[in-house]
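Q: pasting a predicted model and its sequence here:
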Amino acid sequence: MPECCLSRLSFLRPSSRLQAALLAICALVAAPAAIAQPAASAATAAPLPSTALPPSVEAALARAKVPRDAVTFFVADAEGRQPPRLAWRAQELVNPASVMKLVTTYAALDLLGPAYTWSTPVYADGAVVDGTLQGNLYLRGQGDPTMVVERLWLLLRRVQALGIRRIAGDVVVDRSAFDAGVESDPAAFDGEPLRPYNASPDAFLVNFRSVTLDFTPEAGGRFAVVSAEPPLAGVSFPTRVPLGAGECGDWRTALQADFADPTQPRFAGALPAACGARSWPVAWPDPQRFGLRAIGGLWQQMGGQIDGQLRLGAVPTTARLLFEAASPPLGQVVRDINKYSNNVMTQQLFLTLGLTQRQRGSFDAARAAVRQWWTTRVGGSEPAPVMVNGAGLSREDRLTAAGLARMLQVAWRSPVMPELIASLPVMGVDGTLRHRPATTSAHLKTGSLRDVAAIAGYVDGAGGRRWVVVGIANDPVAGAARPAFDALVEWVARGTP
């Protein structure tokens, strides 16, 4: 299961989303010669030697029954000025899972800059008379990955600040910035279409295309009150569900949810009373209209009125621009992506690279942009990564540990190094590493799929040295390799033989 599903969508809450949130739901710059040359000599000039594994790592793999030929490791100084300290099967093409997000986020920081923001323009095609817009309201999505409930509310509040309380025409959302082909079957990856990590990208992405259902037991102890955030126009949720007996266990299954009709979700079961209050993040089963329904629901909740329809369409050239809502800067967005491994945000960013570098919001354009960037910026003899959607949520993604390490060395010497490192989970402190042993100082991106486990990033070593570390396991028991990864990090930090 992808690691981002561990976050339980708490980033949909105002407090957590604004504080770094995300606990699920998943201009080319050439390297200066003085920077690129040391990394090239360290990582890729000739086939890397296979060296003996550190004893502590070897022992951890043996205890976990993970085959030695199922893992690949690479350890080298961050500066790239010395031969690698460890290279084990480092030129094997392997699936890195969410560690692939490092490639997408560093490429974006390097190409777009940490201050880059997304804009969502808002238009109208009529006059405002006595609080009524005599025409249509248009919103053009341009890939903003951060349009959560709070930011959509602020956007609509700006509309109302212009004196608009009633819209006599339609509310129209333009999603044309991304190709229709970016939409995928949410059940295709693992048969879990309601899991938020399987949500597809959208040029007008609202709340990660997910709604959070809250179940709050009443004082009487017989029922739980049901509420939904964001409110969705035209959707009738049950107001309450009965409380049942037994242990909490798999309470979602106990509810017997039925989303066959997205306008009328139903619960045929009960919430076990032992669960107390619960929240369930659900990827909406009618994703293309989710943004429209969220706009309509919030607008009504804010006291507004819409006489016309909520529909998809294009912004006419005759419409006048009212304002543009800007996203947080990319430097902040990559922290949300890497700390909590958010898949749909990464795909939004990946498609933005296609849109900005190749003038097309498609995965093909994004892949071409990153390949060219890799060749120009990273270089070396290692092949460019094979990327499907930029997030690592794929069985087809491939890269080498040596290639990824080379990229991390280049990133260490780049102007955007502080933003990239700050985006990585800190061992034992936050993000996807908050529950790992805090035995040393390390900033590492993690990856997890069925049959894949991975870590990659930077470790502080003895004497103040900084090391690049990559560890990837591809095996049916790959998840059991995590203690070996921890042993590797400890070995690197202590500088032990």
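A: Happy to help now that I have it.
Q: where do the helices sit along the stretch 201-350 of the chain?
A: Per DSSP state H, counting those that start in this stretch, the stretch 201-350 of the chain carries helices over the ranges 251-255, 290-301, 330-340, 343-358.
Q: who wins for proximity to Asn207 among those helices?
A: The closest of these to Asn207 is helix 290-301. By Cβ to Cβ, the value is 6.4 Å. (Glycine included, C-beta is placed from N, CA and C.)
Q: show me the shaky parts of the stretch 51-200 of the chain.
A: Confidence mapping of the stretch 51-200 of the chain against pLDDT under 70 gives the ranges 51.
Q: could you redo the last one with a cut-off of 90?
A: With pLDDT under 90 as the threshold, the stretch 51-200 of the chain has low-confidence stretches at 51-52, 184-194, 197-198.
Q: picking up where we left off before, can I get the helices of the stretch 201-350 of the chain in JSON lines including distance to Arg195?
A: Formatted as JSON lines, the entries for the helices of the stretch 201-350 of the chain read as follows, by distance: least, Cβ to Cβ, whole Å:
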{"stretch": "helix 251-255", "distance to Arg195": "11"}
{"stretch": "helix 290-301", "distance to Arg195": "15"}
{"stretch": "helix 330-340", "distance to Arg195": "15"}
{"stretch": "helix 343-358", "distance to Arg195": "10"}
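Q: can you tell which of those is closest to Phe189?
A: With Cβ to Cβ as the measure, helix 343-358 is the member of the helices of the stretch 201-350 of the chain nearest Phe189 (9.8 Å).
Q: and the closest one, what does it pack onto?
A: helix 101-112, helix 330-340, helix 363-373 (3 or more Cβ pairs under 8 Å, 6 or more residues apart in numbering; DSSP states H and E).
Q: where does the most centrally placed residue in the chain land on pLDDT?
A: To find the centre residue of the chain, average its C-alpha atoms and take the closest one (Cα atoms, centre = their mean): that gives Asn342, at 2.0 Å. Reading off the per-residue confidence, Asn342 sits at a pLDDT of 94.
Q: again, but for Gly428
A: Per-residue confidence for Gly428 comes out at a pLDDT of 87.
Q: mind checking the SS state of it?
A: At Gly428, secondary structure determined by DSSP: H, G, I helix; E, B strand; the rest coil is coil.
Q: using CSV, list the CA coordinates for the helix or strand where Leu488 lies.
A: Applying DSSP states H and E as the criterion places Leu488 in helix 482-494. Listed in CSV are the C-alpha atoms of helix 482-494, where the atom choice follows Å, rounded to 0.1, in the frame of the first residue of the first chain:
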residue,chain,number,x,y,z
ARG,A,482,13.4,-1.2,6.8
PRO,A,483,15.5,-2.3,9.8
ALA,A,484,18.4,-2.8,7.3
PHE,A,485,17.8,0.8,6.1
ASP,A,486,17.9,2.0,9.6
ALA,A,487,21.2,0.1,10.2
LEU,A,488,22.6,1.6,7.0
VAL,A,489,21.8,5.1,8.2
GLU,A,490,23.4,4.4,11.6
TRP,A,491,26.5,2.9,9.9
VAL,A,492,26.8,6.0,7.8
ALA,A,493,26.3,8.4,10.7
ARG,A,494,28.8,6.7,13.0
